[in-house]
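> Next input, structure requested:
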Amino acid sequence: MDRLKHHAYVRIMDLEIDAIGLLCPLPVLRLRKRMEPLNSGSKVRLLVDDPAAIVDVPHFCNEAGHKFVGMKETEGCLEFIVQKG
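Sure thing, here's the model as predicted:
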């Protein structure tokens, strides 16, 4: 992703959560806590390096009524985009 597109992409996020170094279930617990005060429709970028998050984050979204927008891996880090339901 070129720098301009990345900048525009980051600007549309309402919140970024850095959970790098945290192991299951802490990334999802942090995501849940930080999303509580957000308005419906808010987008959150979650950064993790725990491979268990590949299962945990979509499961959390399904159970909590949030939209799992997508996931990608960059430089050994998993990046999840979640939209509050």
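> Now the residue most central in space within the chain, what are its backbone angles?
Closest to where the C-alpha atoms of the chain average out (C-alpha atoms, centre = their mean) is L46, at 2.8 Å. With angles defined as degrees, to the nearest 10, L46 sits at phi -110, psi 120.
> Let's see the pLDDT reported for it.
Looking at L46, its pLDDT stands at 97.
> Roughly how far does it sit from L15?
9 Å (C-beta to C-beta, to the nearest Å). All C-beta atoms are positioned from the backbone trio N, CA, C, and that covers glycine.
> swap in I54?
Per C-beta to C-beta, I54 is found 21 Å from L15.
> Just the helices from this protein, written as ranges.
In the chain, the helices defined using DSSP state H lie at 3-11, 26-35, 53-64.
> export those to TSV and tack on mean pLDDT, mean neighbour count and distance to I20?
Shown next, in TSV, are the helices of the chain (pLDDT from 0 to 100; neighbours: other C-beta atoms under 10 Å; distance: least, C-beta to C-beta, whole Å):
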stretch	mean pLDDT	mean neighbour count	distance to I20
helix 3-11	46	9	16
helix 26-35	97	18	9
helix 53-64	97	16	11
